[in-house]
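Q: Kindly return the folded structure for what I paste below:
(chains A, B, C and D)
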2 protein chains.
Amino acid sequence: MNFGAITIKDIAKELGISASAVSKALKDSHEISEKTKKLVLECAQKHNYQPNPMARSLKQGKSKSLGVVIPTIDNNFFSQVIDGIESVAYSKGYNIIMTQTHELYDLELSNVEHLAMRSIDGLLISLSIETENIDHLKRLHNMGLPIVFFDRVSNEIETHKVIADNYKGAYDATTHLIRSGYRKIAHITSAVNISITAERLKGYCAALEENGLPVNDKYIKYCPQGGKAITEIETALTDLLNMQDKPDAIFTATDRTTTTIIGLLHKLKIKIPQDIALLGFTNTQMAYVLNPSLSQVYQPGFEMGKKATGMLINLIESRKPATEFETVVFPTQLFTRESTKSLL
Amino acid sequence: MNFGAITIKDIAKELGISASAVSKALKDSHEISEKTKKLVLECAQKHNYQPNPMARSLKQGKSKSLGVVIPTIDNNFFSQVIDGIESVAYSKGYNIIMTQTHELYDLELSNVEHLAMRSIDGLLISLSIETENIDHLKRLHNMGLPIVFFDRVSNEIETHKVIADNYKGAYDATTHLIRSGYRKIAHITSAVNISITAERLKGYCAALEENGLPVNDKYIKYCPQGGKAITEIETALTDLLNMQDKPDAIFTATDRTTTTIIGLLHKLKIKIPQDIALLGFTNTQMAYVLNPSLSQVYQPGFEMGKKATGMLINLIESRKPATEFETVVFPTQLFTRESTKSLL
DNA sequence: TTGAAAGCGCTAACAG
DNA sequence: CTGTTAGCGCTTTCAA
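A: Residues are numbered from 1 along each chain as shown, chains lettered A, B, ... in the order given. From the prediction side, this is the model:
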């Protein structure tokens, strides 16, 4: 770090003035003469002076970096969120330190600790599946660390949150399946404890009920690891396919589950949608080239990232501590394609 | 940052000893009595003491963070590389600061400057497509910043590099197409100036020549933006399809190009592989569920990230400046599927 | 308009 | 074994 970099002191020495004068000149303070300013600026330019951010952070108690904690980067939704986060953060002079939890509580814990230790100014987080207890976040939040949740949120901390309209996304998806003539709609979802699971499940149930269809618990399959392990998806699918009254459609709740299921059905030579229809939450841009083209519920990841970051930076930079917190809900988009072609 | 955090001074005061004693006790120095150590440790524990990394960095001239510059995160290959980078970095106590260039030279420049300013201890970089001039990297490298290139490398800086065997990957792919009976094999590749383009092109040509097939320049299409814009891929494809002697197979050189081409061919109702075969470099895990399942050249992204990071950390931590530099080449894997089914 | 001095939190050389 | 001191680079009073 700071490889042979020039410091304020060096400039001061070269110009025969004091370090504080240089510091002030550099930030165009009114208490420095134009002449001196010009001299300093030129000298700084000449040596390509870059302020040492560590020193500045140490002094000012601000690091100008944001911590980002997500389950995994290898996911269309999250990489789009990251793009959104970056776009806002950079424009406001923040850099981001990104970490993945891989859905593990222990990793989330250590990543968060590590970030806090790293003196981040704020934290953006989407909880891991394993995370049931968020004391680690409460502690930091109570100490004054601004936190904004997105996607997988917790109600145990009062702060800004950014989510997709998971309820409506699931509701629309299920309704579309029903309208297309499917009656026995299974739901393969993520772990039972995370926020998006509950919301999506609610939407699914509501659509069924509104259409006079029974909610059959046997049609609801949880993947405790959120589909990280292909085996849990396989088990869920096999269970469904082995049922006496097996489903005629599957509504999958996550990106990974959706794309994996399509692969598994392929392997089993089960035709979509003839044998079973498929519709899922996924942000893949390849949905239309999958075989068959895949109906999808799309979340505006980029916008969600932007919004969350904007809110976080507001929290960080606002003079007075926030007292009003917002939960911003973004609409999802339903794309209907061959995988849910109408039976009617 | 450092929200209400306890400092060494606080501990010193509470225990009625000096700050330096605490500092030494904390690092288990032999010049501190066991009794004091125990006291200090307990007190630190009690208050959940966390050293301030800024202060430590400032003092030690090390930030324990690595800069990572990649074209885009929204790419299977790169997100796998990141996973590899993270896995090694964390285990060695480094955190990573990641930035995307989106294939733009200006963004690469500002990201690199920003990272350098951020006092990173080392840099991992895969060059953007627009980058022809790497003076920005040379400058930092000359100032002593350890740099490791991966994937898209430059020969203008002597340092460690990690790449896939692009030549062999392309050679194997092309050979496979030839053996499957295809004779007019087009190559849609990335921008002409980046390293991987040249290497893959060479492999493609070599395979053709070894099999007595002509290298037809008209069959080679460059995408100056690396496929970032769908239009350039579309143009390349249309050009090929409009040729009198149009190709019977396409070998695509990048992840994005490959998946986009399959979509475009779909739209045009051109059957793969009956009308035209397709084989490409891509790390998508969905290759086998695409329509048709996609033959692919797979690069070991995770391992490449691990290796590059290991090398970088070695550079950073080695006492004497390195004089010998390595270019590590990872083998690619060819998966043959329906999109290149034999014509014979 | 400029400079001297103190201090952010931590470490390391040197004294005691 | 423990304390004093100085300093990393920068900012910010306060004094000149």
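Q: so what's A:Gly301 scoring on pLDDT?
A: For A:Gly301, the model assigns a pLDDT of 97.
Q: What residues does A:Leu265 make contact with?
A: Neighbour list for A:Leu265: A:Leu237, A:Ile272, A:Asp275, A:Ile276, A:Leu278 [criterion: Cβ atoms under 8 Å, 6 or more residues apart in numbering or on different chains]. Quick note: C-beta positions are derived from backbone N, CA and C, even for glycine.
Q: Nearest to DNA strand C among the residues you listed?
A: Within the contacts of A:Leu265, proximity to DNA strand C (Cβ to the nearest atom of the strand) peaks at A:Leu237, which comes in at 51.9 Å.
Q: Leaving out chain neighbours, which residue sits closest to the closest one?
A: Closest residue to A:Leu237 apart from its sequence neighbours, by Cβ to Cβ, 6 or more residues apart in numbering or on different chains: A:Leu264 at 5.5 Å.
Q: tell me the phi and psi of the one you found?
A: Backbone torsions of A:Leu264, given as degrees, to the nearest 10, read phi -60, psi -40.
Q: Then A:Lys35?
A: In terms of degrees, to the nearest 10, the main-chain angles of A:Lys35 are phi -60, psi -50.
Q: Kindly report the same for the one 4 residues further on.
A: Its backbone dihedrals place A:Leu39 at phi -60, psi -50, with angles given as degrees, to the nearest 10.
Q: what number of residues lie near the closest residue to it other than its chain neighbours?
A: Spatial nearest neighbour of A:Leu39, chain neighbours left out: A:Leu15 (5.8 Å); criterion: Cβ to Cβ, 6+ apart. When neighbours are counted by other Cβ atoms under 10 Å in any protein chain shown, A:Leu15 registers 16.
Q: Could you verify my assumption that A:Leu15 touches A:Glu42?
A: No. Using Cβ atoms under 8 Å, A:Leu15 is not in contact with A:Glu42; the gap is 9.5 Å.
Q: how deep is A:His30 tucked in, by neighbour count?
A: Under the neighbour criterion other Cβ under 10 Å, A:His30 is assigned a count of 5.
Q: Quick one: classify it as helix, strand or coil.
A: What DSSP: H, G, I helix; E, B strand; the rest coil gives for A:His30 is coil.
Q: any idea of the pLDDT on it?
A: You'll see A:His30 listed with a pLDDT of 90.
Q: how close does it sit to chain B?
A: 26 Å (Cβ to the nearest Cβ, to the nearest Å).
Q: Which residues are in contact with that residue?
A: For A:His30, no contacting residues are found, by Cβ under 8 Å, 6+ apart.
Q: And it, how far from A:Ala44?
A: 18 Å (Cβ to Cβ, to the nearest Å).
Q: which residues does the residue lying closest to A:Pro224 once chain neighbours are set aside contact?
A: Leaving aside its sequence neighbours, A:Pro224 sits nearest to A:Ala191 (Cβ to Cβ, 6+ apart; 5.1 Å). By Cβ under 8 Å, 6+ apart, the contact list for A:Ala191 reads A:Ile129, A:Thr197, A:Tyr222, A:Cys223, A:Pro224, A:Gln225, A:Gly226.
Q: Equivalent analysis for A:Tyr219, please.
A: A:Tyr219 sits next to A:Lys184, A:Ile185, A:Ala186, A:His187, A:Leu240, A:Pro247 when contact means Cβ under 8 Å, 6+ apart.
Q: so which strand or helix has the residue of the stretch 51-200 of chain A found nearest DNA strand C?
A: When distances are taken as Cβ to the nearest atom of the strand, the stretch 51-200 of chain A reaches nearest to DNA strand C at A:Lys59, 3.7 Å away. Taking DSSP states H and E as the criterion, A:Lys59 maps to helix A:53-60.
Q: which strands and helices sit next to that helix?
A: Helix A:53-60 makes packing contacts with helix B:53-60 when contacts are defined by 3 or more Cβ pairs under 8 Å, 6 or more residues apart in numbering or on different chains; DSSP states H and E.
Q: What segments of the stretch 201-344 of chain A are helices?
A: A:230-241, A:255-267, A:301-317 (DSSP state H, counting those that start in this stretch).
Q: CA atoms of stretch A:335-344 as PDB?
A: The C-alpha trace of stretch A:335-344 is given here as PDB (Å, rounded to 0.1, in the frame of the first residue of the first chain):
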ATOM      1  CA  PHE A 335     -43.100 -13.500 -18.100                       C
ATOM      2  CA  THR A 336     -45.200 -16.300 -19.500                       C
ATOM      3  CA  ARG A 337     -43.600 -18.700 -21.900                       C
ATOM      4  CA  GLU A 338     -43.800 -22.200 -23.100                       C
ATOM      5  CA  SER A 339     -43.100 -23.900 -19.700                       C
ATOM      6  CA  THR A 340     -46.600 -22.900 -18.600                       C
ATOM      7  CA  LYS A 341     -48.400 -23.200 -21.900                       C
ATOM      8  CA  SER A 342     -52.200 -23.500 -21.400                       C
ATOM      9  CA  LEU A 343     -53.800 -26.900 -21.100                       C
ATOM     10  CA  LEU A 344     -57.100 -25.500 -22.100                       C
END
